[in-house]
Structure formats: C-alpha cells, structure tokens
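**Student:** Task: produce atomic coordinates for the following.
(chains A and B)
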Amino acid sequence: AQSVTQLGSHVSVSEGALVLLRCNYSSSVPPYLFWYVQYPNQGLQLLLKYTTGATLVKGINGFEAEFKKSETSFHLTKPSAHMSDAAEYFCAVRGNPNDYKLSFGAGTTVTVRA
Amino acid sequence: SQTIHQWPATLVQPVGSPLSLECTVEGTSNPNLYWYRQAAGRGLQLLFYSVGIGQISSEVPQNLSASRPQDRQFILSSKKLLLSDSGFYLCAWRRQLETQYFGPGTRLLVL
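**Tutor:** Residues are numbered from 1 along each chain as shown, chains lettered A, B, ... in the order given. Model (predicted):
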C-alpha cells in the first residue's frame, strides 16, 4: 500500500520568501507522485507530477519539486512567494500506472503575509 | 480538450432528505471516475470509483451510494441525509495511465 505524510498542516511565509512544503511517501513500488493546489471553494488543480526520469520536476506558477528516493521525499518549493499562492496544497502518491487510486496527504494550508 | 462539470455548486438540505449530485465529463471516453469528500479541516476521502458503466467500487461504508448510468456521467446519491454528510464533494476523472483531474466541487450543507 502507498501513503503520504505532509509535515505541517499550516505554513506562513512572507511575500517574496521561499515556500517549502514537505511531503514524505511510503510505497512498495516505484511511486508516481503529485502535488495539487486547492483555492477556496474550488476543485484541485494539478501543480506538477513525477513519474519517471528527471527527479527535479517543474510545474505551474513557478513551483518545483524534487524526488529523492533515498529520503522517500517529494518536497515542493517556490523561490519567492506571491500573495496568490495562498491556498491548500496536497501531495499524493500512486503505486503504479494501473493503480486506480491516489493516496492523498492531509494537506498544508499556506498563508502569505504582505 | 477535456472538461468536467459538477452540479449543483452549492446545496443546503434538511436532515433526512434525499440527495443527488451529478458529475459529467466531456471530451474523453471510458474515463475512470471518482467521488471524494472533504469535511471541514480534513483531507480528501475517496468515497467511490468507477472503471466503467455500471461498475462501482465503494471505499468506505456510509450513507451514500454512487451510480454510473452513462460512460461520462457519475452520480452520488443518498436516500436520507445525515448531518455528517455535510462537506465539499469533488468528482475527478482519469484516463488509463494518466493523471486525475478534478471538477469544481459541490458544497453540501445538511441542517
């Protein structure tokens, strides 16, 4: 079975500061990893995903994540936070391409201070 | 391109009333379809998924049921709503081997 743990349910950053959201996964097979963002009262939007190949993945809105197998991590970063980054972020894992289900973390809420 | 619709966007229902939420996908065929629920302050809980017409898998025992009468239509239902059914309901779709994409959600408040 696969699972993810997001460290920190709330993160507060200043505008222009680094955003770092932590995600650790557990998987018995090489994982497929995802980050989604959810703005208030909206659905989830895919930020980026890792399947195979390059371990540094770039996504939308200036976010990127690095897959580190040795640390079983897939942390999400953005060098400079913008007010529009205030949202909830979810990490998710799928065990293999044929697996129907994603396992989601509990989510991290990001607030951005002016 | 593919789009996913959910309606209604918001719903307020009394306890004991029935429920029907609808999700439709356009621009694809034979998608995998999913229903999730987000309760206040909690993460996403997978309720049901479907790999084809009439094929429904339930993830957790509950007061809800799902149906897939057409290839791109997924319905979430209840005969009698409970207070604990309140939450934000998200539908998602996926084509084989690809990413899950989510709809805009339905906010349900049971009073």
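
**Student:** Which residues lie in contact with the residue most central in space within chain B in this structure?
**Tutor:** Nearest residue to the geometric centre of chain B (CA atoms, centre = their mean): residue B:35, 3.4 Å. Neighbour list for residue B:35: B:23, B:46-49, B:66, B:74, B:76, B:89-91 [criterion: CB atoms under 8 Å, 6 or more residues apart in numbering or on different chains]. The C-beta positions use only the backbone N, C-alpha and C, and glycine is treated the same way.

**Student:** same check, this time on residue A:101
**Tutor:** Applying CB under 8 Å, 6+ apart to residue A:101 gives the contacts A:94, B:46, B:49.

**Student:** How about residue B:6?
**Tutor:** By CB under 8 Å, 6+ apart, the neighbours of residue B:6 are A:43, B:21-23, B:89-91, B:103-106.

**Student:** average pLDDT across the one helix or strand it maps to?
**Tutor:** In the assignment (DSSP states H and E), residue B:6 maps to strand B:3-7. Averaged over strand B:3-7, pLDDT sits at 95.

**Student:** same deal with stretch A:81-98?
**Tutor:** The average pLDDT for stretch A:81-98 rounds to 90.

**Student:** which two in the contacts of residue B:6 are spaced the farthest apart?
**Tutor:** Greatest spatial distance in these: A:43 and B:22, 14.8 Å, computed using CB to CB.

**Student:** between these two, who's got more neighbours?
**Tutor:** Per other CB atoms under 10 Å in any protein chain shown, whichever of residue A:43 and residue B:22 has more neighbours is residue A:43, with 19 against 15.
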